[in-house]
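[1] Sequence plus the predicted model coming up.
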Amino acid sequence: MPEGDTIARLAASVRERVAGATVESMIVRHPRLATVDLTGSTLTKTSSHGKHLFLHFDDGKALHIHLLMQGKVVFGRAREVEEWRRRFEIRFNTGETVVGIDIPLLHHVSSSSTDDFVGHLGTDLCGDLDLELATTKVGRDPGRHLSAALLDQRNVAGFGNIYAVDTPFICGVSPFTRVGDVDDVGALIAIGAALIRTNAVRGPQNTTGRRLHLTEHWMLNIKRRDCPLCGGDVKKMSGSQSPWQRRTAWCTTCQRDRNHTIDRERAAKLLSMHPARHLLDLRQAHPFIGDLGAVEINSR
């Protein structure tokens with residue numbers, strides 16, 4: 001499933017290409033929305049909240065899009081994709097075409113009713129972030145596994161499996177640690193927020209700081225069997241094996257279950273080459289100090 005940074009970048013791309021453009025023609029291949037036609041409407045803005053995307057038009061209506069695991073939005077005619085998979089095609093007077101492929105969740109709603117879809121979610125990591133609220137919500141179930149709490153969009157909106165796996169590794173705690181045992185959940189969320197907001201601005205979902213032009217993770221897609229930091233054994237679980245039904249990986253040595261302390265020195269070391277470090281001051285009690293303009297991604 002695309003993470004919050006991917007959706008924020010998608011909202012920015014749509015805005016940059018067609019904001020202010022008028023719909024020239026539209027096709028919707030969805031039984032419930034078959035009669036929707038935005039021809040003549042102007043795209044006024046795009047917005048995102050967590051993994052939800054909204055396209056707002058000057059008639060007071062919006063398209064709500066959620067990609068789940070399989071959907072994607074592309075630019076161009078996408079003729080190589082079977083027609084039935086192109087759930088919507090919107091051609092603008094600028095010549096640009098926006099196509100939704102395999103979109104599982106699509107709604108045509110009033111722009112004023114977007115809270116019906118995202119009002120129950122936590123604060124938006126790539127938008128108007130409230131870290132105090134995120135920390136409170138993640139910590140409200142102290143017996144829950146840490147990665148499960150991070151993935152719960154009702155706690156904080158935008159984290160996906162990349163950040164639920166790699167942020168605990170960066171902080172030196174196990175994804176299986178109970179939330180109530182972690183000594184500083186707020187610092188861990190701040191580190192994850194710095195990563196996702198930086199990646200939302202830059203593009204590749206990179207957590208290592210190496211080869212920043214590529215998507216690269218410390219743990220999630222690791223192929224080696226030894227930890228890249230300490231050399232300990234790396235363990236993996238498939239989605240069907242993990243308690244929160246998502247695949248995971250961790251080092252059995254430097255992410256022991258008994259490690260309950262967020263290791264800020266370790267985090268500073270592992271983020272030393274990543275631009276996310278500029279949003280953090282790990283010497284402070286509240287380490288999140290900047291936003292790299294990520295708010296503008298969501299609010300223009």
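    Looks like it came in fine. This is a predicted model, so every value here is computed, not measured.
[2] Assign the residue lying farthest from the centre of the chain to helix, strand or coil.
    Relative to the centre of the chain, the most outlying C-alpha is that of G40, 32.2 Å out, by C-alpha atoms, centre = their mean. Under DSSP: H, G, I helix; E, B strand; the rest coil, G40 falls in the coil class.
[3] And the one 5 residues further on, by the same measure?
    Following three-state DSSP, we place K45 in the strand state.
[4] Strands of this structure, residue ranges please.
    Applying DSSP state E to the chain gives strands spanning 23-28, 43-49, 52-57, 61-66, 72-75, 86-92, 97-101, 105-110, 123-124, 156-157, 234-237, 248-251.
[5] how close does the residue farthest from the centre of the chain sit to W250?
    As for G40, its distance to W250 is 54 Å (criterion: C-beta to C-beta, to the nearest Å). Backbone N, C-alpha and C define where each C-beta goes, glycine included.
[6] ok, now which ones touch the residue nearest to V23 when sequence neighbours are not counted?
    Nearest non-adjacent residue to V23, counting by C-beta to C-beta, 6 or more residues apart in numbering: L38, 4.6 Å away. By C-beta atoms under 8 Å, 6 or more residues apart in numbering, the contact set of L38 is 23, 26, 57, 59, 61, 90.
[7] Go ahead and confirm the fourth one touches S41.
    It refers to D59. Yes - counting by C-beta atoms under 8 Å, D59 touches S41, with 5.0 Å between them.
[8] neighbour-wise, which of those two wins?
    Neighbour count, other C-beta atoms under 10 Å: between D59 and S41, S41 has more, with 17 against 13.
[9] ok, now how distant is the more buried one from H64?
    Using C-beta to C-beta, S41 is found at 15 Å from H64.
[10] Next: F176.
    As judged by C-beta to C-beta, F176 and H64 stand 35 Å apart.
[11] CA atoms of whichever helix in the chain runs longest as CSV?
    In the chain, taking DSSP state H as the definition, the longest helix is helix 185-202. Output in CSV follows, covering the C-alpha atoms of helix 185-202 (Å, rounded to 0.1, in the frame of the first residue of the first chain):
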residue,chain,number,x,y,z
VAL,A,185,7.5,7.1,22.0
GLY,A,186,7.4,10.8,21.0
ALA,A,187,11.1,10.7,19.9
LEU,A,188,10.5,7.6,17.8
ILE,A,189,7.5,9.2,16.1
ALA,A,190,9.5,12.4,15.5
ILE,A,191,12.3,10.4,13.8
GLY,A,192,9.7,8.6,11.6
ALA,A,193,8.0,11.8,10.8
ALA,A,194,11.3,13.5,9.8
LEU,A,195,12.0,10.6,7.4
ILE,A,196,8.5,10.5,5.8
ARG,A,197,8.3,14.3,5.4
THR,A,198,11.7,14.5,3.9
ASN,A,199,10.9,11.6,1.5
ALA,A,200,7.6,13.3,0.6
VAL,A,201,9.7,16.3,-0.6
ARG,A,202,12.5,14.4,-2.2
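[12] what's R246 in contact with, if anything?
    Taking C-beta under 8 Å, 6+ apart as the criterion, R246 is in contact with 147, 151, 161, 164, 239.
[13] and which of these is nearest to T94?
    Ranking the contacts of R246 by separation from T94, with C-beta to C-beta as the measure, puts N161 on top at 36.0 Å.
[14] The closest one against R247, yeah?
    Yes - if you go by C-beta under 8 Å, N161 and R247 touch, sitting 6.9 Å apart.
[15] intersection of neighbour lists for those two?
    Listed as contacting both N161 and R247 by C-beta under 8 Å, 6+ apart are L220.
[16] so what are the domain limits for this protein?
    Domain assignment of the chain by automatic domain parsing yields the ranges 4-118, 123-299.
[17] what about the last one, average pLDDT?
    Looking back up the chat, that one is domain 123-299. Averaging pLDDT along domain 123-299 gives 92.
[18] chain center to that domain, what's the gap?
    Averaging C-alpha positions (C-alpha atoms, centre = their mean, to the nearest Å) puts domain 123-299 12 Å from its chain's average.
[19] ok, of the contacts of L38, which come out buried?
    Those of those that meet the buried threshold are 23, 26, 57, 61, 90, by 16 or more other C-beta atoms under 10 Å.
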